[in-house]
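# 3D model of this:
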Amino acid sequence: MTVASKETLGFKTEVKQLLHLMIHSLYSNKEIFLRELISNASDACDKLRFEALQNDALFEGQSELAVHINFDTDARTLTIEDNGIGMNREDVISHLGTIAKSGTAEFLGKLTGDQKQDSQLIGQFGVGFYSAFIVADKVVVDTRRAGESAEQGIRWESAGEGEFSLETIDKPERGTRITLHLKADEAEFADNYRLRSLIKKYSDHIAVPVFLPPEISADDDADETETSKAPEAVNQAKAMWTRSRSELTDEEYQEFYKHISHDWNEPLTWMHNRVEGKLDYTSLLYIPSKAPFDMWNRDTARGLKLYVQRVFIMDDAEQFLPLYLRFVKGVLDSNDLSLNVSREILQQDKQVDSMRSALVKRILDTLTKLAKNDSDKYQQFWDEFGDVLKEGPAEDFANKEKIAALFRFATSTSGSEAQTVGLADYVARMQEGQKKVYYITAESYAAGMGSPHIEYFRKKGIEVLLLTDRVDEWMVGHLNEFDGKSFQDITKGELDLDELADEDEKKQQETLQESHKNLTERLEKVLPEVKSVRVTSRLTDSPACLVVGQFDMGGHMRRMLEAAGQKMPEPEITLEINPTHPLIERLDNEPDEDRFAELAGLIHAQAQLAEGSQLKNPAEYVGKLNKLLLDLMK
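Have a look, this model is predicted:
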């Protein structure tokens with residue numbers, strides 16, 4: 001007999017915030033609590049089945065796994081009970097006293113206080129067990145881990161506020177029993193018909209049976225109560241992915257996605273395939289419609305739910321998908337992997353490599369079809385996951401061209417940041433004689449469109465890709481070319497415009513270079529910050545621009561790394577001037593060398609600002625500019 005010992009502990013701060021938000025914001029989605037709790041119970045059964053592969057004693061003589069739901073209308077209670085793996089004291093504190101999910105702080109930082117917006121955020125974050133407090137003012141959890149003695153049971157109890165209590169109890173049966181004390185206005189969830197409809201709606205796909213007391217009809221004996229009759233399974237209790245596609249509805253696919261992902265949003269699309277032959281496996285993969293908050297954390301748990309012959313193996317089998325597809329959710333069930341499979345075996349198994357290649361191909365083919373057949377839906381995908389997909393060329397050389405074909409970019413002719421084009425479309429409308437894909441990296445669409453480097457291309461009607469995401473310059477460095485066309489950053493090196501210029505332009509350029517040789521030499525003397533000065537034909541409206549070497553890091557990438565605290569070596573900068581611009585003409589005719597140096601400094605500073613750089617001495621620039629303005633006012 002266990003001597004009860006009860007202690008009261010406090011929730012972590014982020015749990016208190018989340019509980020308060022859910023209780024006060026999610027009234028319109030309250031019924032999903034049942035889906036979440038049944039999903040957790042099903043997972044507990046899966047985990048017991050897996051651990052029992054190595055230790056059959058964990059079944060404790062009862063290998064039939066199930067979820068039982070009971071209710072008491074008068075007492076206004078609802079109970080969800082499973083005979084799965086259960087929890088010990090450490091598990092309870094870990095799972096029910098904290099939120100063990102990366103990105104929590106970022107999630108909480110995005111909360112605005114607007115109920116509608118915040119509930120959508122929670123939908124992306126996932127709520128799991130805590131959703132019980134949407135309908136309950138008190139929750140009691142009785143649990144015991146499989147394999148431990150009856151007197152090692154634990155009772156967790158909380159009203160969903162600042163504290164929870166822990167108490168040691170006797171619990172003869174393994175598993176977890178959750179009792180919800182429903183709020184006064186939530187009595188509908190202590191009703192047989194209501195519960196039955198919700199189980200069919202949300203949990204029909206659960207691979208373990210969900211039992212509910214039978215409904216009482218008018219023909220039943222008046223003395224016979226619901227609890228005196230044997231409970232009955234409400235759901236199909238058949239693994240979703242083992243069923244034929246023809247017998248599954250879109251609603252069933254969507255609910256199964258929510259079960260495995262704990263995402264309230266419907267998936268964008270899905271792939272359900274059975275493979276037989278050299279390999280024998282079934283996959284059900286989903287493309288979400290919304291990105292989770294921890295998408296950029298490459299170390300967060302990811303991967304597919306892995307089953308072997310319908311026996312659960314692990315939650316996050318990352319070996320079957322590359323990191324750039326980490327947003328994909330789903331289930332993989334193989335008949336070719338051994339039941340005692342471990343992470344070490346997975347990493348060395350050739351069958352895993354074959355399945356991985358096939359799954360990647362299927363996902364990329366599905367995205368390609370989506371882009372071709374439903375541009376609006378694909379744009380939605382791109383807006384959510386495009387930055388992650390851009391990691392692909394560096395990680396997956398074999399599929400580099402196929403991945404690149406999925407990219408979308410704004411361009412200098414697209415009209416707005418929201419209007420994007422694919423690389424195949426760009427190549428298809430390249431001008432005659434154009435051999436390269438031209439692009440510019442910038443902090444924003446507006447900055448790219450306003451860059452001096454783009455002026456010549458706008459004049460010639462040549463389309464330029466505007467790359468404004470933080471991964472773009474790194475991505476292009478690994479992509480190098482598309483459809484046989486190399487990429488060219490228009491801010492780097494001495495731009496070879498021979499393929500774009502006509503004969504008159506080429507002759508004019510040669511003449512200007514020769515006639516302004518003295519000016520470039522004077523500028524090099526008074527501007528020690530630049531490596532060299534040269535006349536350029538890439539400018540039409542601006543007096544000057546800055547250019548780095550062909551193989552140097554671009555200014556946008558450099559500024560991001562410096563902002564992250566990395567020390568960068570000083571780049572070798574070339575100042576290119578537009579000799580036909582009035583300011584450059586005025587500068588060329590300035591006889592006073594001191595005044596020439598001041599004007600040259602101003603033009604150099606303007607070129608720095610135009611490319612998005614910070615001036616090392618802004619006060620000095622302002623002083624020189626003010627002096628110039630005063631001189632003009634005299």
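# surely residue 438 forms part of a helix?
No: read with DSSP: H, G, I helix; E, B strand; the rest coil, residue 438 is strand and lies in no helix.
# bridging across strands, which residues link to it?
The residues listed as beta-bridge partners of residue 438 by DSSP bridges are residue 488.
# shouldn't it be in contact with residue 467?
No: with contact defined as Cβ atoms under 8 Å, residue 438 does not reach residue 467; the gap is 10.9 Å. (Glycine included, C-beta is placed from N, CA and C.)
# ranges for the helices of the stretch 1-150 of the chain?
Under the criterion DSSP state H, counting those that start in this stretch, helices of the stretch 1-150 of the chain are mapped to 13-25, 32-51, 89-96, 104-109, 115-125.
# same thing with the stretch 351-500 of the chain?
Counting by DSSP H, counting those that start in this stretch, the stretch 351-500 of the chain forms helices over residues 375-389, 392-395, 400-404, 423-428, 445-449, 455-460, 472-479, given from the N-terminal end onward.
# what lies in contact with the last one?
The list of residues contacting helix 472-479 from outside it, by Cβ atoms under 8 Å, 6 or more residues apart in numbering, reads 390-391, 393-394, 400, 404, 439, 441, 467, 487, 489, 553-554, 556-557.
# got a winner among these for most neighbours?
residue 441 (26 neighbours; other Cβ atoms under 10 Å).
# what's that one in contact with, if anything?
Taking Cβ under 8 Å, 6+ apart as the definition, contacts of residue 441 comprise 448, 467, 468, 472, 473, 489, 491, 554, 555, 556, 557.
# pretty sure the third one sits against residue 439.
Think residue 468. No: taking contacts as Cβ under 8 Å, residue 468 lies outside contact range of residue 439: 10.7 Å.
# need the overlap of contacts for those two.
Shared between the contact lists of residue 468 and residue 439 (criterion: Cβ under 8 Å, 6+ apart) there are no residues.
# what number of residues lie near residue 424?
14.
# that older thread, just flag the most distant two among the contacts of helix 472-479.
Taking Cβ to Cβ as the measure, the contacts of helix 472-479 span a maximum distance of 22.8 Å, between 400 and 556.
# pLDDT weak spots in the stretch 401-550 of the chain?
Flagging of the stretch 401-550 of the chain using pLDDT under 70 yields the residue ranges 495-502.
# please pull out the lowest mean pLDDT helix or strand from the chain.
Of the helices and strands making up the chain, the lowest-confidence element is helix 115-125, at a mean of 49, by mean pLDDT, DSSP states H and E.
# just the contacts of helix 472-479 now: which is nearest residue 614?
Taking Cβ to Cβ as the measure, residue 614 lies nearest residue 556 of the contacts of helix 472-479, at 12.9 Å.
# could I get the full set of strands for the stretch 251-400 of the chain?
Listed in chain order, the strands of the stretch 251-400 of the chain (DSSP state E, counting those that start in this stretch) span residues 269-275, 281-287, 304-308, 311-317, 329-334.
# pairing partners for the last one, with directions?
So that's strand 329-334. Partner strands and pairing direction for strand 329-334 (DSSP bridges) are strand 281-287 (antiparallel), strand 304-308 (parallel).
# in CSV: those, plus mean neighbour count, mean pLDDT and distance to residue 531.
Compiled in CSV, the strands paired with strand 329-334 are given as follows (neighbours: other Cβ atoms under 10 Å; pLDDT from 0 to 100; distance: least, Cβ to Cβ, whole Å):
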stretch, mean neighbour count, mean pLDDT, distance to residue 531
strand 281-287, 23, 96, 48
strand 304-308, 23, 88, 52
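# so where's the stretch 201-350 of the chain uncertain?
Filtered on pLDDT under 70, the stretch 201-350 of the chain yields the residue ranges 216-229, 338-348.
# if we can go back for a sec, can I get the strands paired with strand 329-334 in a markdown table with distance to residue 364?
Supplementary listing: these in a markdown table, determined by distance: least, Cβ to Cβ, whole Å:
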| stretch | distance to residue 364 |
| --- | --- |
| strand 281-287 | 11 |
| strand 304-308 | 16 |
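# just tell me which of these ends up closest to residue 47.
Proximity to residue 47 (Cβ to Cβ) singles out strand 304-308 among the strands paired with strand 329-334, at 11.5 Å.
# and the closest one with strand 311-317, angle?
Angular relation of strand 304-308 and strand 311-317 on a 0 to 180 degree scale: 160 degrees, by axes from the mean of the first three to the mean of the last three Cα atoms, to 10 degrees.
# who's in contact with strand 304-308?
Strand 304-308 is touched from outside by 239, 260, 283, 285, 312-317, 320-321, 328-335, 337-339, 341, with contacts defined as Cβ under 8 Å, 6+ apart.
# in three-state terms, label residue 509 for me.
Classification of residue 509 by three-state DSSP places it in helix.
# okay, domains of this protein per the record?
6-237, 242-379, 407-489, 512-550+565-633 (automatic domain parsing).
# distance to residue 504 for those - can I get that in JSON lines?
Compiled in JSON lines, these are given as follows (distance: least, Cβ to Cβ, whole Å):
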{"stretch": "domain 6-237", "distance to residue 504": "56"}
{"stretch": "domain 242-379", "distance to residue 504": "41"}
{"stretch": "domain 407-489", "distance to residue 504": "13"}
{"stretch": "domain 512-550+565-633", "distance to residue 504": "12"}
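# out of the ones you listed, nearest to residue 506?
Distances from residue 506 to each of the domains of the chain were compared by Cβ to Cβ, and the smallest falls on domain 512-550+565-633, at 8.7 Å.
# figure out how far the closest one is from the centre of its chain.
Relative to the mean C-alpha coordinate of its chain, domain 512-550+565-633 is positioned 42 Å out (Cα atoms, centre = their mean, to the nearest Å).
# and it, how far apart are its ends?
Using Cα to Cα, to the nearest Å, the span of domain 512-550+565-633 from its first residue to its last is 33 Å.
# the spatially closest residue to residue 57 that is not a sequence neighbour: what's it in contact with?
In space, not counting the residues next to it along the chain, residue 57 is nearest to residue 147; the distance is 6.7 Å by Cβ to Cβ, 6 or more residues apart in numbering. When contacts are counted by Cβ under 8 Å, 6+ apart, residue 147 is found next to 55, 57, 58, 60, 174.
# just the buried residues of those residues.
Burial by neighbour count, judged by 16 or more other Cβ atoms under 10 Å, picks out 58, 60, 174 from the contacts of residue 147.
# could you find the closest non-adjacent residue to residue 545?
Per Cβ to Cβ, 6+ apart, closest to residue 545 is residue 452, 4.1 Å.
# do I have it right that that neighbour meets residue 536?
No: under the criterion of Cβ under 8 Å, residue 452 lies out of contact with residue 536, with a separation of 9.7 Å.
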